[in-house]
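Novice: Sharing a model prediction with you, sequence too.
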Amino acid sequence: MTARPPLFQRLMANDALNFALTNRIPRAALTRLFGRFSKVEHPWVRDLSIGLWQRFGEVDLSDARKTQFRSLHDAFIRELRDGARPLDPRPDVLVSPCDAIVGALGRIEGDTLLQAKGMRYTLDELLGDSAQAAALRDGHYMTLRITAAMYHRFHAPADCTIERVHYFPGDTWNVNPPALARVERLYCRNERAVLSARMANGTPLVMVPVAAILVASLRLHCVDLTLHAGYAGPHRLACAAHATRGQELGWFEHGSTILLLLPPQAAVQPAVTTGERIRMGQALFTPAPL
């Protein structure tokens, strides 16, 4: 006889209830409060909060570099032990920058991308740059959703140079399927950063880390900044940061989403399918057959 899932998981499986509980609340205030609470280092608070997170979130900390954490926040942004995420050995393959569940993926229809069934958004709205949006028309995209239980750091999907970062302050809607099916242009409304890079062969590569509720900030190594709702600017940041495939680029404070965008001239095909659970280093795009 199959055991029933815990009550909390059964409740959260109801889309309408899930959406109400995680969105019809003061999102910004709760995010700030949680950001402060998660950094409390008192042993009782730390142990109880990490224990509850593991109990209800099905969190696996066995592959973390450390075995003891200073706070819940310290556990959220944990590093992995060496060898925990091997990279696909094929040098011409774009690998996943993070642990994730694959959302929408495929060809960009002109300048329009799929958020969820019946919900779409445009490149111009997402990127805030008409010229960059035009260069990606009819290209390729993939949505990678990082749940609260997953590893929260993200890495370079290919050898590349990050040339600029454009930070957008915004809302903190949840990015799970119930919210994606109800909130129009959600990715364009939430706090996010557009990382514009160029791969070793000159092909543009754009990564868009999108924050969400309880995500207090976004750390980016390429500009040596922690971006958050109180960050005053500048919001357009030039850089010339070289990264090798698999090199860490930064981290979220909690679960969220990364959008990966490629131009039409990138001769690639998806190596994963919608709904698949993947790990950092796994093949995302492989070269298209000749």
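Specialist: Okay, I see it. These figures come from a predicted structure and were not determined experimentally.
Novice: how about the strands of the stretch 101-250 of the chain, start to end?
Specialist: Using DSSP state E, counting those that start in this stretch, the strands assigned to the stretch 101-250 of the chain run over residues 112-116, 119-122, 140-146, 153-155, 160-168, 192-199, 204-210, 218-220, 225-227, 236-243, 248-252.
Novice: Reformat those strands into a markdown table and put mean neighbour count and distance to residue 102 next to each item.
Specialist: In short, each C-beta sits where N, CA and C put it, glycine included. Compiled in a markdown table, the strands of the stretch 101-250 of the chain are given as follows (neighbours: other Cβ atoms under 10 Å; distance: least, Cβ to Cβ, whole Å):
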| stretch | mean neighbour count | distance to residue 102 |
| --- | --- | --- |
| strand 112-116 | 19 | 13 |
| strand 119-122 | 16 | 17 |
| strand 140-146 | 23 | 6 |
| strand 153-155 | 23 | 15 |
| strand 160-168 | 20 | 21 |
| strand 192-199 | 22 | 19 |
| strand 204-210 | 23 | 15 |
| strand 218-220 | 22 | 21 |
| strand 225-227 | 18 | 25 |
| strand 236-243 | 15 | 22 |
| strand 248-252 | 22 | 17 |
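Novice: Minimum distance to residue 98: which of the ones you listed has it?
Specialist: Ranking the strands of the stretch 101-250 of the chain by their distance to residue 98 (criterion: Cβ to Cβ) puts strand 153-155 first, at 4.3 Å.
Novice: Tell me who's in contact with residue 82.
Specialist: Contact analysis of residue 82 by Cβ atoms under 8 Å, 6 or more residues apart in numbering lists residue 65.
Novice: what helix or strand does it sit in?
Specialist: For residue 82, there is no helix or strand it lies in under DSSP states H and E.
Novice: Next up, phi/psi of it, please.
Specialist: The phi/psi pair for residue 82 (degrees, to the nearest 10) reads phi -60, psi 130.
Novice: Same check on the one 3 residues further on?
Specialist: Listed backbone geometry of residue 85 is phi -130, psi 80, with angles given as degrees, to the nearest 10.
Novice: And it, how far from residue 260?
Specialist: Residue 85 sits 17 Å away from residue 260 when distances are taken as Cβ to Cβ, to the nearest Å.
Novice: rewinding a little: rank the strands of the stretch 101-250 of the chain by pLDDT, which is bottom?
Specialist: By mean pLDDT, the lowest-scoring of those turns out to be strand 225-227, with a mean of 80.
Novice: Tell me how many other residues crowd the nearest residue to residue 70 once chain neighbours are set aside.
Specialist: When the adjacent residues along the chain are set aside, residue 70 lies closest to residue 41, with 5.0 Å between them (Cβ to Cβ, 6 or more residues apart in numbering). Residue 41 has 12 neighbours, counted by other Cβ atoms under 10 Å.
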